[in-house]
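Engineer: Test case, fold it:
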Amino acid sequence: MYWFHRLLAEVPPGRYLVQNVVRVCPMGTFRTSFSQTNEESAKICFACPPGITTNTTAATNQSACNVVGPGVSINSTQLAAAQDLAAQAATGVSLNGSSADLTVAFNPNLCDYGTYFGGGVVAAGSSDTCQKCPDGSTTQQRGSTSINDCMVPPGYYINTSNQPATLRPCPNTITLSNGLQAGFYRSGWVTYQSPAVRDSDGQKACTKCGDNILSNPRDIDESNGGNSSAALVAASAYSCYIEPGMGITVTGQVDNTTSLMAFRAEVCANNSYGVENRTYGLISAPCKPCQRNLITLGPGASNMSQCVNPDGYGYDTTGGTPCPQGYYASAGSLLPCTPCPPGRTTLANPANQVSITDCLVDTGKGVFDGDWVPDSTLTPAQQANLTALPCPIGYYGAGGALNGTCQLCPDNKSTQQEGSILDDCTVCKPGYALVTGQNGNTTCQICSVGKWSDGINGCTDCPKTSFLFISSKRKEDTYVSSPYTIRKGATGPEECVPQAQQFGIDIGQKVIDDSFYSVVSQPAAGNWYDTARGPNATECASACPANQCCFARLDYYAASSGGNIQNTCKTTGTTTANTFTVNSVADSAWNGVGGLMFTKLVFADTIAAASIGQDDTTDASASEPSASTTADDQVVRTKAMSSGLYARCDIPTGANVTLLGKSLGQPMLVTDSKSLQACKSKCDMMSTCWGFPVTGTPSSACTPSSSTGCRFCQLRGGEDQINSRGLFANPTAANWPVTGLNWY
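Structural biologist: The predicted structure is shown next:
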């Protein structure tokens with residue numbers, strides 16, 4: 001009776017009072033003691049710690065709180081402590097010095113990433129309720145409650161080559177079976193049991209970026225909640241990349257695993273360029289071609305600025321332009337084509353239009369650096385900068401060489417204009433004439449003495465020269481000299497001089513002293529034109545010895561024979577003392593013995609008059625010029641013009657030079673060809689000058705201020721002598737050299 005009474009008056013453990021009805025404590029709660037119905041404690045059941053429940057209802061003490069909920073991480077020690085806290089809470093004791101609230105005093109952990117717990121009774125001595133996911137798989141959040149929550153996170157696969165299998169990141173670089181390399185990535189969470197994420201090396205479980213496309217982790221690693229940006233994995237195509245200088249394209253094939261279009265990357269070939277920096281993501285970014293006619297200096301260019309002009313192409317904003325012939329450009333110069341120096345050109349081939357050393361001498365031209373033969377020690381670049389000038393007439397330029405020179409036309413041929421090639425050597429050089437042989441071949445043959453040629457026309461006879469003489473008796477006589485040149489191969493009429501010339505009236509007919517002359521004996525009967533009257537001018541000039549510079553004088557009315565007044569012919573060259581030998585020795589070899597005599601020559605076809613008047617004596621029997629129709633006060637006095645040419649002869653050894661004509665002016669110093677030319681020029685300008693001797697011994701000690709060891713020239717003139725006719729005969733050698741009448 002008492003128990004019943006008590007039962008009616010109190011609420012027993014495991015139960016609580018609600019609306020005057022005693023009910024059992026629900027699961028997850030307990031009550032440990034009897035309580036009067038009028039007590040507040042009778043109205044409540046005390047809760048197990050958070051995350052912990054009971055296995056049954058009507059639990060009577062805290063030890064019944066031994067069932068842990070799913071996803072909660074706790075061990076037996078932690079459970080006992082939690083139960084004690086629950087007991088303290090049931091008695092109303094302060095927990096941790098603040099409150100009897102279990103939610104403050106006890107906060108159980110959830111199962112960490114990669115673990116799970118389905119809930120249940122915690123066995124005594126248990127270390128942890130949570131179990132690790134198989135094969136290193138993980139969970140998407142804490143507090144996972146089932147093995148089915150174990151998954152492979154993005155960027156990972158389960159490597160089955162190891163036992164037990166392990167979770168591995170997708171490989172960044174693998175050498176494929178085709179020899180190419182590739183990187184991999186994997187997107188999305190997949191259960192660890194799926195064959196799609198289980199692989200021995202990741203090539204099947206992960207998605208290939210593409211041939212030659214590698215990967216580098218750039219996505220947040222979600223395996224631990226994705227809370228750290230420092231932990232990265234290749235979980236998307238944005239982790240796939242190509243290096244600078246590469247291009248990426250769609251292959252046109254579909255990946256069987258992902259159903260995505262496959263990509264492929266290549267190092268950009270020559271003459272194209274790729275991405276400038278490392279580029280992530282699978283997008284079509286093919287190599288771009290360089291602008292028109294531009295190239296790269298190698299594969300793997302990463303910027304349009306690496307597209308440059310190739311050899312032989314100039315650069316502009318539109319690309320590369322082939323250099324025209326005569327221009328050059330080197331690869332990578334980024335400059336327009338540079339023109340070759342004047343007179344040079346290039347081959348019409350870009351490979352031969354690279355630098356200035358490809359600028360070869362053009363046809364018809366030759367290099368010139370002060371001499372037509374360039375210095376062989378010059379570098380190719382120095383040679384390329386030598387001036388190339390049009391070849392002069394008579395020369396041709398083959399061209400095509402860095403230091404090509406002008407070559408003389410062969411076989412005495414010439415050209416008609418400057419800047420010619422070999423095929424232009426079609427005419428003869430001046431002094432030669434084209435002759436056709438019996439076989440039809442043409443050759444250029446030298447013109448003989450007394451003829452000249454410009455090379456285009458044939459050899460032309462020099463004109464004869466007429467010299468007029470008027471005696472004191474007013475009688476005229478004309479002497480016609482044979483045509484003459486100072487050499488074979490004369491090139492123009494300016495080289496034509498008389499074979500024998502008469503001294504002009506301004507000079508006078510007595511040009512040298514009588515001591516240099518010898519009277520020419522009358523030859524056998526019949527040799528003179530008129531044996532009774534003696535020689536005429538033609539016969540007197542012909543009496544001069546060959547190969548000598550001969551002075552002659554014809555004296556009219558000079559002798560008497562058999563009652564007849566005869567003419568007398570006097571010449572030099574009959575003895576050693578009066579022989580003026582032709583001198584053709586170069587100045588450097590001349591020893592100066594005896595000195596040199598330079599005799600001024602007149603142009604051919606010049607009428608030169610010599611006349612002496614004032615004597616009215618007439619002798620009809622004398623051999624004299626024919627009667628003149630000229631009045632006494634109208635005597636012809638024509639002067640002869642100098643040709644600029646001089647006969648050069650040795651003065652006889654021991655000769656008295658002062659007797660060689662009359663001195664004109666002061667002696668002039670002769671040290672070289674220039675000062676000698678001054679002597680000639682002064683004589684040319686003086687109608688009274690017939691020539692000059694050059695005497696003295698050459699010496700290095702000679703200076704303009706000192707006469708020691710010097711040579712001098714002294715201009716000479718003549719004197720009038722009534723009825724005398726002064727002549728000078730050039731040497732008559734047929735093979736007279738060019739240097740015979742010039743002094744260098």
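
Engineer: so how far is Ala90 from Thr56?
Structural biologist: Distance of Thr56 to Ala90, computed by C-beta to C-beta, to the nearest Å: 18 Å. Yep, even glycine has a C-beta here, placed from its N, CA and C like the rest.

Engineer: Who has more neighbours out of the two?
Structural biologist: Neighbours per residue (other C-beta atoms under 10 Å) separate Thr56 from Ala90, with Ala90 holding more: 22 against 11.

Engineer: Enumerate every residue touching the nearest residue to the more buried one once chain neighbours are set aside.
Structural biologist: With C-beta to C-beta, 6 or more residues apart in numbering as the criterion, Ala90 has its nearest non-adjacent residue at 4.1 Å, and that residue is Phe46. Going by C-beta atoms under 8 Å, 6 or more residues apart in numbering, Phe46 touches Thr29, Phe30, Arg31, Thr32, Gln62, Ala86, Ala89, Ala90.

Engineer: what are the bridge partners for Val582, then?
Structural biologist: Counting by DSSP bridges, Val582 is bridged to Cys649.

Engineer: Just the pLDDT at it, thanks.
Structural biologist: pLDDT for Val582: 76.

Engineer: Count the neighbours of it for me.
Structural biologist: Val582 sits with 19 neighbouring residues when counted by other C-beta under 10 Å.

Engineer: That one contacts Pro731, correct?
Structural biologist: Yes. Judged on C-beta atoms under 8 Å, Val582 makes contact with Pro731 at a distance of 5.2 Å.

Engineer: Surely Gln666 forms part of a strand?
Structural biologist: Yes. Per DSSP: H, G, I helix; E, B strand; the rest coil, Gln666 lies within a strand segment.

Engineer: which residues touch it?
Structural biologist: If you count contacts by C-beta under 8 Å, 6+ apart, then Gln666 has nothing around it.

Engineer: switch the cut-off to 10 Å
Structural biologist: Contact analysis of Gln666 by C-beta atoms under 10 Å, 6 or more residues apart in numbering lists Phe712, Gln714, Leu715.

Engineer: Thought Val22 was touching Thr37, still the case?
Structural biologist: Yes. Using C-beta atoms under 10 Å, Thr37 is in contact with Val22, at 8.4 Å.

Engineer: just the helices in the stretch 301-450 of the chain please.
Structural biologist: Along the stretch 301-450 of the chain, counting by DSSP state H, counting those that start in this stretch, helices occupy 380-384.

Engineer: Correct me if wrong: Gly718 contacts Gln509.
Structural biologist: Yes. Assessed by C-beta under 10 Å, Gly718 is found in contact with Gln509 at 6.6 Å.

Engineer: Which neighbours do those two have in common?
Structural biologist: Phe503, Gly726.

Engineer: neighbour count winner among the two?
Structural biologist: Set Gly718 next to Gln509 and count neighbours by other C-beta under 10 Å: Gln509 wins out with 25 against 20.

Engineer: What residue, apart from its backbone neighbours, is nearest the more buried one spatially?
Structural biologist: Going by C-beta to C-beta, 6+ apart, Gln509 has Gly726 as its nearest residue, at 3.9 Å.
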